[in-house]
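Engineer: Here is the input, now give the coordinates:
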Amino acid sequence: MRPSIVQILSKLWTHIQYYKYEPSKPSRSELLRLNLNNQASWIKNNVPEYEYNLYGDNYLGCSYEIDEDILQEYLDDRENYDTSGLITEQMPDIPKDRIDEIYEGAELTDEELESLKSGIANSDESGWKLHSGQYIKARFGALYALYAGEDMGQGGASFELEHIFRNKKLALRYVSKKPLIALEKV
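Structural biologist: Residues are numbered from 1 along each chain as shown. From the prediction side, this is the model:
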């Protein structure tokens with residue numbers, strides 16, 4: 001669905017406001033020089049409804065990082081973890097002979113290992129990190145604050161500031177390098 005002219009103009013107006021000079025705010029370079037805790041405190045104290053703004057259109061996607069110890073458990077105890085079944089779910093065309101070899105302890109190919117990682121991630125609903133962000137106003141211009149958090153069900157998410165970037169494009173590039181990433185259409 002294409003955005004209406006009103007939505008486009010509203011978004012344009014919002015972005016224009018970032019370039020309005022506000023002497024009470026720190027410059028972009030001053031904000032970037034702060035450590036992460038001080039950046040988070042500044043946002044908390046100076047950006048109204050910053051937590052609310054992390055939902056909706058500001059949601060970027062999610063990522064999953066495989067814990068190497070967990071992965072090793074799946075490899076060491078293939079029967080109890082149904083390792084070959086997880087691989088089969090990701091690779092439905094894998095030959096049955098190969099599945100039997102995997103079940104018996106054969107070394108996995110890179111593709112099979114990636115399939116196992118995807119299978120583990122798909123079966124773990126709580127291990128995914130959510131990524132969201134928003135532009136924050138500086139003295140003259142804006143910076144993009146990237147947040148990571150965990151889904152808390154109906155309670156929303158518990159987001160914490162992960163990094164501040166000069167723009168959203170840099171934040172998306174950073175997030176896209178995370179393992180097992182699923183980005184929203186941005």
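Engineer: Nearest residue to N46 in space, please, no chain neighbours.
Structural biologist: In space, and not counting its chain neighbours, N46 is closest to K25: 7.3 Å by C-beta to C-beta, 6 or more residues apart in numbering. For the C-beta atoms, the positions are set from N, CA and C on the backbone; glycine is no exception.
Engineer: quick one: that neighbour and A138 touch, right?
Structural biologist: Yes. With contact defined as C-beta atoms under 8 Å, K25 reaches A138; the gap is 5.6 Å.
Engineer: measure P23 to K44 for me?
Structural biologist: Distance, P23 to K44, by C-beta to C-beta, to the nearest Å: 21 Å.
Engineer: Which one's more surrounded, those two?
Structural biologist: Using other C-beta atoms under 10 Å, the more surrounded residue of P23 and K44 is K44, with 11 against 6.
Engineer: Wait, a helix at that one?
Structural biologist: Yes. Assessed by DSSP: H, G, I helix; E, B strand; the rest coil, K44 belongs to a helix.
Engineer: hang on, the earlier thing: can you count the residues close to the residue nearest to N46?
Structural biologist: A count of neighbours around K25, defined by other C-beta under 10 Å, yields 17.
Engineer: for it, what are its contacts?
Structural biologist: Contacts for K25 (C-beta atoms under 8 Å, 6 or more residues apart in numbering) come out as N46, K137, A138, R139.
Engineer: how far away is it from N38?
Structural biologist: Applying C-beta to C-beta, the value for K25 to N38 is 14 Å.
Engineer: just checking, next helix/strand downstream of the helix or strand of the chain with the lowest mean pLDDT?
Structural biologist: Least confident element among the helices and strands of the chain, by mean pLDDT, DSSP states H and E: helix 5-17 (a mean of 73). Where DSSP states H and E defines the elements, the next helix or strand beyond helix 5-17 is helix 28-33.
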